[in-house]
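Trainee: Curious how this folds, go ahead:
(chains A and B)
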Amino acid sequence: MMIYPFIGFALGLLVGFKLPISVPVIYAPYVSISILAALDSVLGGIKAMEEDNFDTSIFVSGFFINTLMAGFLAYFGDRLGIQLYLAAIFAFGVRIFQNLAIIRRSIIKRLFSKNN
Amino acid sequence: MKDTTKAHFAISVVCFILGMLLVAQFRSVQISGGATISLQRAQELSTQLKTVTEERDMYKKELLELRNRLAEYENAASKTSSLTEAMKKELEKVRMLAGLTAGTGQGVIITLDDSNLPRQPGEDPNLFLIHDEDLLKVINELFAAGAEAISVNGQRIITNSEIRCVGPTIIINSVKLAPPFIIQAIGDPDILETSLKMRGGVIESLQVFGIQINIKKQDKIDMPAYTGPIQFKYFEPVKAGEM
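Mentor: Numbers count the residues shown, from 1 in each chain, chains lettered A, B, ... in the order given. Model (predicted):
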């Protein structure tokens, strides 16, 4: 049931390695922030599924908007001379671990309830 | 049921994109890690090449000029007269003053090296290194004590010699020098030595930080000539009475 995200992820890695795509060096820092945002979105989606309030449109729009916004924020911060990407790292980093904790708990709960 | 498949599909697609992004980023970071180094290296090398070529061109010009001058002198010498002889003497003197002639004489040899004191954690390591200022002070003191010619690690100090920090080395006459610094000075050895050893003088202030200083009086010092180019691009002499 939870196998689809991993299949998608593995497929993405495979395609990425096969295709000669790479980020221009100048944009690499912004993309790294975007990846963090994407990771946060995915974990958020999994959490929502665990809690049974998953909404596809919210998830998809959140993924793209968060990813783009994070990259843009980092870029904008660079232009302004403010390290805005730190805000993105902090916000997403905290949320990633929060979501991870919730997912972990619900999975453990499910496993134990099955066993009992 | 349909909702969950939709959800799974969405998550899978998003994970797919995330995976691709990750790989792309991974690749670019790998490339940039290598690329920045090679870019820096290339830049460094190109500037080095530029300076070396400039230097070579300068030397070429200098050589040509010297040859022309030699020819002129030879011409002048062929018509030997008291005037050319006087001029030759004057030229010798001026060349000596400019540091263009190698020479010999009595004087002192001063060896300066970085401190070998055990450093306490938290202490500024800069204090224990020899800086351009320290060399300048020593050289200034030597000139003040009547030194007639000074060289540092084989670089003759002339009127427009620079003494400047460049990273861990010191540049003199556009040549990078590293410690230990051997300063040769021609002059009265006793006066030169005492000028440095003066109470509250240069040596005392340097020895606080454990900088190793060694002064040796010498009967005969071989003083190298200034070998770099001398060019006047902007300076133009004015005839007496014009200004």
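Trainee: C-alpha from now on. contacts and neighbour counts both.
Mentor: Will do.
Trainee: mind listing what the spatially most central residue of chain B touches?
Mentor: Computing the C-alpha centroid of chain B and ranking residues by CA atoms, centre = their mean puts B:Ile171 first, at 1.3 Å. Residues counted as contacts of B:Ile171 (CA atoms under 8 Å, 6 or more residues apart in numbering or on different chains) are B:Glu162, B:Ile163, B:Arg164, B:Cys165, B:Leu177.
Trainee: of the residues you listed, closest to A:Pro20?
Mentor: B:Cys165 (46.7 Å; CA to CA).
Trainee: Would you mind naming the residues that bridge with that closest one?
Mentor: B:Ile170 (DSSP bridges).
Trainee: and the helix ranked longest in chain A, anywhere near chain B?
Mentor: Selection of the longest helix in chain A by residue count, based on DSSP state H, yields helix A:85-115. No - on the criterion CA under 8 Å from any CA of the partner chain, helix A:85-115 is out of touch with chain B, staying 14.7 Å away.
Trainee: what about that helix, distance to the chain center?
Mentor: 12 Å (CA atoms, centre = their mean, to the nearest Å).
Trainee: for it, packing partners?
Mentor: Helices and strands touching helix A:85-115, by 3 or more CA pairs under 8 Å, 6 or more residues apart in numbering or on different chains; DSSP states H and E, are helix A:28-50, helix A:56-80.
Trainee: The first one to helix A:85-115, inter-axis angle?
Mentor: With axes from the mean of the first three to the mean of the last three CA atoms, to 10 degrees applied, the angle from helix A:28-50 to helix A:85-115 works out at 30 degrees.
Trainee: Residues in contact with helix A:28-50: which ones?
Mentor: So helix A:28-50 is contacted by A:23, A:54, A:59, A:62-64, A:66-72, A:74-75, A:85, A:88-89, A:92-93, A:95-96, A:99-100, A:102-103, A:106-107, B:7, B:11, B:14-15, B:18, B:21-22, B:25, B:28-29 (CA under 8 Å, 6+ apart).
Trainee: at 7 Å instead, please
Mentor: For helix A:28-50, the external contacting residues (CA atoms under 7 Å, 6 or more residues apart in numbering or on different chains) are A:54, A:59, A:62-63, A:66-68, A:70-71, A:74-75, A:85, A:89, A:92, A:95-96, A:99-100, A:102-103, A:106, B:11, B:15, B:18, B:21-22, B:25, B:28-29.
Trainee: The helices and strands packed on helix A:85-115 into CSV, with extra columns for mean pLDDT?
Mentor: Formatted as CSV, the helices and strands packed on helix A:85-115 follow (pLDDT from 0 to 100):
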stretch, mean pLDDT
helix A:28-50, 84
helix A:56-80, 86
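Trainee: Which among the ones you listed is found nearest to B:Ala98?
Mentor: helix A:56-80 (53.1 Å).
Trainee: Burial check on B:Glu55, number of neighbours?
Mentor: The number of residues packed near B:Glu55 is 14, by other CA atoms under 10 Å in any protein chain shown.
Trainee: and chain B, which residues reach chain A?
Mentor: Contact residues, chain B versus chain A (CA under 7 Å from any CA of the partner chain): B:7-8, B:10-13, B:15-25, B:27-29, B:32.
Trainee: Could you save the helices and strands packed on helix A:85-115 as TSV and add columns showing distance to B:Pro237 and mean neighbour count?
Mentor: Below are the helices and strands packed on helix A:85-115 laid out as TSV (distance: least, CA to CA, whole Å; neighbours: other CA atoms under 10 Å in any protein chain shown):
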stretch	distance to B:Pro237	mean neighbour count
helix A:28-50	57	23
helix A:56-80	51	18
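Trainee: Put together CSV for those, with distance to B:Asp190 on each row.
Mentor: Below are these laid out as CSV (distance: least, CA to CA, whole Å):
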stretch, distance to B:Asp190
helix A:28-50, 65
helix A:56-80, 63
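Trainee: and A:Phe112, which of those is closest to it?
Mentor: helix A:28-50 (15.1 Å).
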